[in-house]
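Asker: Structure for this input, please:
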Amino acid sequence: MEGVRLAAVEGLLRELLREEAPARIAALTEELFREARSVPGPPDGASPHAAALAQVEEGAISLWNWAVTKHTGSVVNDEQRAKLRFVACRLVCLCEGSDPPEATIRRQILMSMKTGKGWIDIGKPDLADEFLEIAMSSIEKLYVKLLEGSDGEADIHVHKADVEKNLFKVLSYQAESAVAQGDFQKAVTCVQRCKDMLMKLPKETCYLSILCYNFGVETYELKRYEQSSFWLSQSYDIGKMDMKYSHGKEMQAKVLRLLATAYFEWDCNLYLDRALKAVSLANQEDLHPAGFFLKVKILLKSGASDEDINSAVAEFLHHEMSLDFCLNAAKLLLEHGRESVGFEFLKSVSERFESSPNHGRITLLHIEFLLQSKRELLAKQKVEEIIIGYYTGKQLLPEALNRLHIILWDMAAKHYEAKSYSEALHWYNYSVSFYTPGQIDQNLAKLQRNMASCYLHLKQVDKAKEAVKEAERCDPNSIFTKFSVYKIAVMEKDTNKAVEAVIEMGKLAEKSSQHEDKLRGEENTGTNLLSLAAQIALENEQQVVAIKALEYLAEHLQDCRQLFAALKCLVRLTLSKVMADNEEKKDEDINSMLTYLTLAHKRLAESFTDEKFTGDMKVLEAHWFRKVAWNLAVQLRGCPGKMRDFFLLSFKLSQFCPSDKAVLIAQKTCLLMAAAVDLEMGRQPVPPSEQAELLSQALQHLQACKEIWKILKLTALAMESPARYPVLCKKALKSALNLHRKQTVIDVEKFSKCLHSLINLSLPTGLTDLDACVLQEAWGYFEDGLSIISSTDAYPEMEILWLMTRAWNTGIFQHTVGKCREAEQWCGLGMRFLSHLGSLKKTYEGHMTGLYSEVLDKLDRAKGFLSKEQE
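Answerer: Numbers count the residues shown, from 1 in each chain. Modelled structure (predicted):
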């Protein structure tokens, strides 16, 4: 078995060494790695097949060198190289023999160390341990072999020094593997052994110190602060052991800063002294802003006095620090509520960077923290200093100026929300100060609009108009600017201008909705502003303006609830005008009502995707609008044509309502009234073609009325059991089913009851020998039921169960009288209903499936018997 596996590995190895295609190299690498893992080592003391093993060893060394070359050329990645090294090293170990020469052992040590390190580097330290142990064992063998051939004490020292270099490396790799696997004690043991060897290997001091630092970083990131502090302390101590080979003061300071941070985050109160000692040592080793910053941070966290913090801050001022660092330090102080220290420090920073082009950033930070501490008067003084400087040659850089505008606008908005409009204007005026006369800027337009809003609240209309005029100059095509124009027009009761502004807003909203990024949700801006415009008009009793805004909303709103709210508001407003008996505009208002109700019908007929607009809501809206149409029709007896139109609209709207008795009676009445109006108008002296059209319409209305009447008058008989007039009842029920199907929204509750009654009349229970015509007729009714059930989730589950049971029992009855084909059809029909059951499906599924299989088996046997008879 071993020979077979070795042969397989050799074959794959030879193929890989010849391969050039990266994809094939990757596949062969995986296959070779898998095979090599299953190859066992040789038995102790035995070296069978010496010639074969020599060939394997030669192939392994070629593979090792090939992997190095291909990795350098980026043909194989790090993980593939690690796997190939694994294969090569495993094969070399297999060929080692009982007494290998020194060169073989040295090669074994090198290959094992590199293989182990490769696994560590790709994050698989568990696979490294085996090879590091092999390397350790080989080092011991090498030492024994060297001692055997040594000549005197001097040789022994040379050999020992030679071996210790490799031993140090293996121990450091084992420490890396242990840390990666979370074995802290093993890592400590390995590092301690390395540390003990530094007297003889002083050049390794820097390496071991950095290794411990890396361990400290890894454990710090895992929040293992105790372990992190140990490794960082070790790193610092090792770094001090031999200054000649140390990594330098900058690195020592970096180690100490992280050590202080670890103590700080571990438990600042418990380890405060250690943290302060570490950061102080760091600052002594290397003066770095991060060290000063960390020291102040620790002092603040520990609740040190202002005096202690002042002493720490004073150190800043004795050294060159960047402006960014100084600003961050000031923020730190002020965010921790040390205002006296923070503002004093800012003052010193301001003096130091007086000539810097970034000096304005210092003042901005000062202003921000003055405002945060509610010192608005002092903040205003600072702003005014900036304004004076701005016009005397000390201009802010663009980034700082933008930040200042944000601060000023935030303060203005805060006062606006608090209804302190004069104070808001004060802050807005500061912002205006930085714009030059005649400058065109969209932000300036927004600023002027905000100021106009303040002026309007203060009833200073003239100033508001000036501000809006300036906004129009800067940004004439903004919907917000038009909205500002609109608000002034409403306040001045300038209806024409207000309506004009609404029309412009509507155009801009429609235009922007075609181009705006839908992901930002900005398509609602126009409708939101127009909704607000309608609200403002209503509050100011300007119905004409409100109607214009609502008309746009009714056409463009996507939110169903908002849409019908706008339509209802329109209807109410126009209805109040109709009732005002203003004969001059009454016809116009009635036509508007017709338009609004027609739009309501159109929107109700659309398929809604808004999940919040439920079916019940739709029914409620339909009821509201149909009743309005009815009431209007009743009041328009003097306008027959309009009365008919409103009756027909009421009928159409009622088709979205469940067909209960009250709705059916209302539908019948609407159609009768519409037909009566058409007949009356047809009697008038009108052209023959128009007369014919009117009479034709009247007949259509009466025919529809007749169908509704059938539902009301005959269906009641069918619901009585037993049916007294079955033929008449079946005819009525068929008509009722047809009418239900024609409804825009089918009332499945009533449809299911109607279908139930019709099947009961058509397919009596308990009868097995049924005529084929009867079965065919009943089959059609079941299919009708399935088509409705498939199109809705609202069909009553108990009715589906009843239909399933009736179909299934009919199939079983047919089976008992030997009608196999009919039995299969009706049982199959029952199974189709089973798939539509909800919670009851599991109850019936197993039983029915089993029985259906039996029916099909019996049918197959029956067919087989018949076919034999025919033979």
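Asker: so who does the closest residue to residue 136 other than its chain neighbours touch?
Answerer: Excluding the flanking residues, the one nearest residue 136 by C-beta to C-beta, 6 or more residues apart in numbering is residue 170, at 5.5 Å. Where you see a C-beta, it was placed from the backbone N, CA and C, and this is true even at glycine. The neighbourhood of residue 170, defined by C-beta atoms under 8 Å, 6 or more residues apart in numbering, consists of 113, 116, 132, 135, 136, 139.
Asker: at 7 Å what do you get?
Answerer: 113, 132, 135, 136, 139 (C-beta atoms under 7 Å, 6 or more residues apart in numbering).
Asker: Widest-spaced pair of the residues you listed?
Answerer: Spatial extent of those (C-beta to C-beta) is set by the pair 132 and 139 at 10.5 Å.
Asker: that older thread, out of the contacts of residue 170, which are inside helices?
Answerer: For those, membership in helices holds for 113, 132, 135, 136, 139, with DSSP state H as the criterion.
Asker: what's around the third one, how many residues?
Answerer: Translated: residue 135. The local packing of residue 135 (other C-beta atoms under 10 Å) involves 26 other residues.
Asker: just the fourth one next, same as before
Answerer: The criterion is other C-beta under 10 Å. On that basis, residue 136 has 19 neighbouring residues.
Asker: go on, the second one?
Answerer: Close neighbours of residue 132, defined as other C-beta under 10 Å, add up to 25.
Asker: repeat for residue 352
Answerer: Burial measure for residue 352: 17 neighbouring residues, criterion other C-beta under 10 Å.
Asker: With residue 706 instead?
Answerer: Under the criterion other C-beta under 10 Å, the count of neighbours that residue 706 has is 12.
Asker: OK, contacts around it?
Answerer: Shown in contact with residue 706 (C-beta under 7 Å, 6+ apart): no residues.
Asker: Now do the phi/psi pair for it.
Answerer: Note on residue 706: backbone dihedrals following degrees, to the nearest 10 are phi -60, psi -40.
Asker: Could you say which helix or strand holds the residue nearest to residue 136?
Answerer: Counting by DSSP states H and E, the secondary-structure element that holds residue 170 is helix 153-180.
Asker: Could you give the separation of that helix from the chain centroid?
Answerer: On the basis of C-alpha atoms, centre = their mean, to the nearest Å, the separation between the geometric centre of helix 153-180 and that of its chain is 54 Å.
Asker: just checking, next helix/strand downstream of the one helix or strand residue 367 maps to?
Answerer: Using DSSP H and E, the secondary-structure element containing residue 367 is helix 359-372. Following helix 359-372 in sequence order, the next helix or strand is helix 376-390 (DSSP H and E).
Asker: Mind listing what's buried along that following helix?
Answerer: 379, 380, 382, 383, 386, 390 (16 or more other C-beta atoms under 10 Å).
Asker: For that helix, what does the pLDDT average out to?
Answerer: Helix 376-390 shows a mean pLDDT of 90 in the predicted model.
Asker: how much space between residue 311 and residue 299?
Answerer: As defined by C-beta to C-beta, to the nearest Å, residue 311 lies at a distance of 9 Å from residue 299.
Asker: And the helices in the stretch 301-450 of the chain, which stretches?
Answerer: Applying DSSP state H, counting those that start in this stretch to the stretch 301-450 of the chain gives helices spanning 306-317, 323-335, 339-352, 359-372, 376-390, 398-417, 421-432, 442-457.
Asker: more crowded one of residue 311 and residue 299?
Answerer: Regarding residue 311 and residue 299, a neighbour count based on other C-beta under 10 Å identifies residue 299 as having more, with 22 against 12.
Asker: excluding its backbone neighbours, what's nearest that one?
Answerer: Once flanking residues are discounted, residue 299 sits nearest to residue 309: 5.4 Å by C-beta to C-beta, 6+ apart.
Asker: just checking, the one you found touches residue 297?
Answerer: No: with contacts defined as C-beta atoms under 7 Å, residue 309 does not count as touching residue 297, sitting 10.5 Å away.
Asker: tell me the pLDDT at the residue nearest to residue 136?
Answerer: On pLDDT, residue 170 comes in at 95.
Asker: Same check on the one 4 residues further on?
Answerer: Residue 174 carries a pLDDT value of 95.
Asker: Give the full set of residues in contact with it.
Answerer: The contact partners of residue 174, taken as C-beta under 7 Å, 6+ apart, are 132, 190.
Asker: and it, how far is that from residue 181?
Answerer: Applying C-beta to C-beta, one obtains 11 Å for the distance of residue 174 from residue 181.
Asker: circling back to that earlier point, redo the ones in helices among the contacts of residue 170 as CSV? Include pLDDT and distance to residue 349.
Answerer: What follows is the ones in helices among the contacts of residue 170, written out as CSV (pLDDT from 0 to 100; distance: C-beta to C-beta, whole Å):
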residue, pLDDT, distance to residue 349
113, 93, 54
132, 94, 54
135, 93, 57
136, 93, 58
139, 90, 60
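Asker: Just give the number of residues close to residue 163.
Answerer: Using other C-beta under 10 Å, residue 163 is surrounded by 17 other residues.
Asker: so is the nearest residue to it once chain neighbours are set aside in a helix, a strand, or just coil?
Answerer: Closest residue to residue 163 in three dimensions, ignoring its sequence neighbours and counting by C-beta to C-beta, 6+ apart: residue 143, at 4.8 Å. The assignment at residue 143 comes out as helix when based on DSSP: H, G, I helix; E, B strand; the rest coil.
Asker: So that it lines up with my notes, have the first residue be 8 from now on.
Answerer: From this message on, residue numbering opens at 8, which makes the last subject residue 150.
Asker: gap between residue 150 and residue 113?
Answerer: From residue 150 to residue 113 the distance is 12 Å (C-beta to C-beta).
Asker: can you check residue 14 too?
Answerer: Look at residue 14 and residue 113: by C-beta to C-beta, they are 29 Å apart.
Asker: More neighbours: which of those two?
Answerer: When residue 14 and residue 113 are compared for neighbours, residue 113 comes out ahead with 16 against 12, by other C-beta under 10 Å.
Asker: What distance do you get for that one to residue 795?
Answerer: As defined by C-beta to C-beta, residue 113 lies at a distance of 87 Å from residue 795.
Asker: Check residue 439 too.
Answerer: Counting by C-beta to C-beta, the gap from residue 439 to residue 795 is 68 Å.
Asker: State the distance from residue 473 to residue 396.
Answerer: Computed as C-beta to C-beta, the residue 473 to residue 396 distance reads 28 Å.
Asker: I misspoke; the intended subject was residue 810.
Answerer: Distance from residue 810 to residue 396, counting by C-beta to C-beta: 87 Å.
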